[in-house]
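Enquirer: Sharing a sequence plus its predicted fold:
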Amino acid sequence: MITNTLSISKEKNKENTEKRRQDIKLKICTYIAYFFIILVMLSLIDLVRTAAKSPSSFELVNETDYGQKLCRLYIDGKNCGEADQNLYSLKDENGKTDIKYCVMTEKVSSLIYSVIISAMLLLVIGIAKNSDKTPFIKSNAKRIRAIGALQLALAVVPGVAVMLMKFFKFMYASSVFTVKDLYMFIVGAVIMAVAQVFDYGVRLQDDNDLIA
C-alpha cells in the first residue's frame, strides 16, 4: 500500500515537473512572439513616419573613418549608419537618385521580414500548446507545413518586393537575391520535407490510438 502511494506520488511529481517545463517553454515562446509583434508595429510606424518626411530630410555623406571611405545616411541631420551604395546610386529616367525612396525600399523589406517571422513564431506557439500528450496531431502537421511555406516566402517575398520597387522607380535596376536567400529557401524546403514525415507520424499515431 505504501509502495503504491509512493509510486503514485512520484508519478504526479513527474507530471507536474513536465507541465512546469512546458509552461516555461510556452511563456518563452509567447514573449518572443510578443517581441516580434511589437517590432512589426514599430517598423510600420517608422515606415509611415519616413513616408511623411520631406525628401530634403535625407542626405548621403561621404566620410573617411580611419582611412576608409564610407558612405553614411543622414536623416534630419542624424547619422543612421552606412548606406548601400549599390542601392543609393540608382538613378531614375531623369538621371537623378531618390534617397528617400531608397530608404523606403529598405524599410519595406525589413517590415516584410518582421511580419513573416512573427507569423512563424505564432505557429510555433500553437504547436507548443497542442503537444501536451503527443505532438503528432493533424493541426500540428498543418502548422509545420505553414512554417515551411512561410520560410520559403521569407526567402523570396522581401527580395521580390524590393526588386519591384526598384524597377518601378529606377532604370537598370537588378535583382537583389543573394546566397542568404538561397540558404533560406533550402531551409524552407527541408521544413516542408519534415512536414511530410510529420504527416506519416500522425497516421501512425491515429493507427495506434485505434488499436489501443
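Expert: Everything's here; your move. Bear in mind that the values here come from a model prediction, so they are computed numbers and not experimental data.

Enquirer: Figure out how far stretch 59-76 is from the centre of its chain.
Expert: With Cα atoms, centre = their mean, to the nearest Å as the basis, stretch 59-76 stands 30 Å off its chain's centre.

Enquirer: Can you dump the C-alpha atoms of that stretch in PDB for me?
Expert: Output of stretch 59-76 as PDB, limited to C-alpha atoms (Å, rounded to 0.1, in the frame of the first residue of the first chain):
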ATOM      1  CA  GLU A  59      21.200  63.100 -47.200                       C
ATOM      2  CA  LEU A  60      24.200  60.900 -48.200                       C
ATOM      3  CA  VAL A  61      27.600  62.000 -46.900                       C
ATOM      4  CA  ASN A  62      30.900  60.500 -47.900                       C
ATOM      5  CA  GLU A  63      33.200  60.300 -44.900                       C
ATOM      6  CA  THR A  64      36.600  58.900 -44.000                       C
ATOM      7  CA  ASP A  65      36.900  56.800 -40.900                       C
ATOM      8  CA  TYR A  66      40.300  55.500 -40.000                       C
ATOM      9  CA  GLY A  67      41.500  55.900 -43.600                       C
ATOM     10  CA  GLN A  68      38.400  54.100 -45.000                       C
ATOM     11  CA  LYS A  69      36.000  55.900 -47.200                       C
ATOM     12  CA  LEU A  70      32.400  55.400 -46.100                       C
ATOM     13  CA  CYS A  71      29.000  56.500 -47.400                       C
ATOM     14  CA  ARG A  72      26.600  57.300 -44.500                       C
ATOM     15  CA  LEU A  73      23.000  58.100 -44.500                       C
ATOM     16  CA  TYR A  74      21.700  61.100 -42.500                       C
ATOM     17  CA  ILE A  75      18.000  61.700 -41.800                       C
ATOM     18  CA  ASP A  76      17.100  65.100 -40.300                       C
END
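
Enquirer: Let's test this: mean pLDDT of that stretch, rounded?
Expert: The pLDDT scores in stretch 59-76 average 82.

Enquirer: same question, stretch 157-171
Expert: Here stretch 157-171 scores 84 as its mean pLDDT.

Enquirer: Please identify the buried residues of that stretch?
Expert: Val157, Pro158, Gly159, Ala161, Val162, Met163, Met165, Lys166, Lys169, Phe170 (16 or more other Cβ atoms under 10 Å). Every C-beta, even on glycine, is put in place using the N, C-alpha and C of the backbone.

Enquirer: Give me the nearest residue to the residue positioned nearest the centre of the chain, chain neighbours excluded.
Expert: Centroid check for the chain by Cα atoms, centre = their mean gives Ile117 as the closest residue, at 2.2 Å. In this structure, Ile117 finds its nearest non-sequential neighbour in Phe36, 5.7 Å apart by Cβ to Cβ, 6 or more residues apart in numbering.

Enquirer: picking that back up, quick check: the residue nearest to the centre of the chain vs Val157, distance?
Expert: According to Cβ to Cβ, to the nearest Å, Ile117 and Val157 sit 12 Å apart.

Enquirer: Quick check: neighbours shared by these two?
Expert: Listed contacts common to Ile117 and Val157 are nil; contacts here mean Cβ atoms under 8 Å, 6 or more residues apart in numbering.

Enquirer: Having no further points to raise, I will conclude here.
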